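> Pasting a predicted model and its sequence here:
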Amino acid sequence: MTPLETLRSLFDTAIAAAQPELRIPQFLPAPPAGRTVVVGAGKSAAAMARAVEQVWPGPLEGVVVTRYGHGVPTERIQVLEAAHPVPDEKGRAAAEQIWQTVAPLGPEDLVLCLISGGGSALLTLPPEDISLAILADINRQLLRSGADIVAMNTVRKTLSRSSGGRLAAAAYPAQVVSLLISDVPGDNLRAIASGPTVGDTVTAQDTLGILIHYAIDVPPVVLDYLQRDPNPVIAPSDPRLATTTNHLIATPQQSLEAAAAKAQALGYTPLILGSAIEGEAKQVGIVHSGIAHQVVQYGQPITPPCVILSGGETTVTVTGSGGRGGRNGEFLLSLAVALNGLEKVWAIAGDTDGIDGSETNAGAILTPDILQRGGDRDLNAADYLARHDSYSFFAALDALVDTGPTLTNVNDFRAILIEP
């Protein structure tokens, strides 16, 4: 197996380890005396719904919303599609339908809530007097600001009536069992899809602080709302959450461990740096390059043949008009520039949901000669990095990784393979 084939195999292994049909069955409760209703939101929501249908022993109904193109055929659970990462009207309508589905349920009923990354945008219910267009614009600004996922979801959950525990509160007194696939560093349940079934303590003041820090242009109607409602989310101690249980069913760490086992089987010693690495993608690439140089030159902290693995969610602060590409492409292009053609080093970086940023690729692959191949075509990697145009650079060199929607989402996956 070539180094490139090995890297792709590791990425595929990480994705496979987080597939809903593998993870969901072990977390399902016993059927209730009353109705079983499935609701959910996220890039994996449709695949999760199908996995429930395949093993649930009794009657089943419900509705979930996923990103455009991430739907799968289901028999009993309705699948809706909407926009991500910026919410649209179909997402708002889906959130309203989900809300109306759980609101009438009683104490003998069960709600299976299927939550994965992307749910914040897909399950958006604007507060009264705030339009969806305003929330969409705030989302766009945050995506370009360099804010991390926790900061972004703090803003989202205070400005959506379905987040911060409010979906679970709406379903009370029904039993709520929430199954979550983590796409956030540290697997913070409150941050996954802005925690629709998880009590929270964030305040309107927290959101104001984030908006000010990242210089987000906010209309007066939003400021008025935040001043009127200082505690917009559901507190963890709220009695309406007493019938809710949250289960983390798939995590970035589990996928990294699966990839590490695969690397070992292929004859490479794995080193997991961490599953929650954050920061500017460009800087994270430089740090990973430093580790790779140390391995090649000194055999520390691991000796070749080896694979350095990491996960988490970096950020990209867009300057100027910006180019094309996501955080994984930016990381990999920064890594290439910092490695400067270092021999025997290959790498892959990709989003496990199959979409890196707003493009259609999951990520890209780096070869030791990629800067030379770029130079042969008058492509200066440093220039492309400066204008955040990683997609164009890797596309020109046929180095993109295309998986299509993977129907799961456990954040970013990075692997650096070093030959002896």
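Arrived safely.

> For Ser289, what is the enclosing helix or strand?
helix 281-298 (DSSP states H and E).

> Restrict the helix or strand following that helix to CA atoms and write it as PDB.
Under the assignment DSSP H and E, the closest C-terminal helix or strand after helix 281-298 is strand 306-312. Only the C-alpha atoms of strand 306-312 are listed here, as PDB (Å, rounded to 0.1, in the frame of the first residue of the first chain):
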ATOM      1  CA  CYS A 306       5.000   6.400  12.000                       C
ATOM      2  CA  VAL A 307       1.700   8.300  11.700                       C
ATOM      3  CA  ILE A 308       0.900  11.500  13.700                       C
ATOM      4  CA  LEU A 309      -2.800  11.800  14.300                       C
ATOM      5  CA  SER A 310      -4.900  14.700  15.600                       C
ATOM      6  CA  GLY A 311      -8.400  16.000  15.600                       C
ATOM      7  CA  GLY A 312     -10.400  19.000  16.800                       C
END
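
> Strand 306-312 vs helix 281-298, what angle?
160 degrees (axes from the mean of the first three to the mean of the last three CA atoms, to 10 degrees).

> So what touches the helix holding Ser289?
The contact list for helix 281-298, computed with CB atoms under 8 Å, 6 or more residues apart in numbering, reads 273, 277-278, 300-304, 306, 308, 310, 314-316, 327-328, 330-335, 337-339, 342-345, 347, 385, 414, 416, 418. C-betas here are computed from N, CA, C, even on glycine.

> Cross these against strands and list the overlap.
Among the contacts of helix 281-298, the ones falling in strands (DSSP state E) are Leu273, Cys306, Ile308, Ser310, Val345, Ala347, Arg414, Ile416, Ile418.

> How many neighbouring residues does the last one have?
Right, the one you point to is Ile418. 26 (other CB atoms under 10 Å).

> hang on, it packs against Thr303?
No - with contacts counted by CB atoms under 8 Å, Ile418 stays clear of Thr303, the gap being 9.0 Å.

> Tell me the one among the ones in strands among the contacts of helix 281-298 nearest to Gly199.
Of all these, Gly199 sits closest to Ser310, with 31.0 Å by CB to CB.

> pLDDT (mean, whole number) over the helix holding Ser289?
Taken as a whole, helix 281-298 has a mean pLDDT of 98.

> in a helix, that's where Leu226 is, yeah?
Yes - Leu226: assigned to a helix according to DSSP: H, G, I helix; E, B strand; the rest coil.

> Can you tell me, leaving aside adjacent residues, what's nearest to it?
With CB to CB, 6 or more residues apart in numbering as the criterion, Leu226 has its nearest non-adjacent residue at 3.9 Å, and that residue is Ala204.

> what sits against that neighbour?
Contacts of Ala204 by CB under 8 Å, 6+ apart are Thr158, Leu226, Gln227, Asp229, Pro230, Asn231, Pro232.

> quick one: which of those is nearest Ala259?
Thr158 (35.9 Å).

> What is the burial count for that closest one?
For Thr158, using other CB under 10 Å, the count is 28.

> from here on, count from 101
Will do, 101 is the new start, and the previous item becomes Thr258.

> Now do it, the pLDDT please.
pLDDT, Thr258: 94.

> Gly422 now?
In this model, Gly422 is scored at 69, pLDDT.
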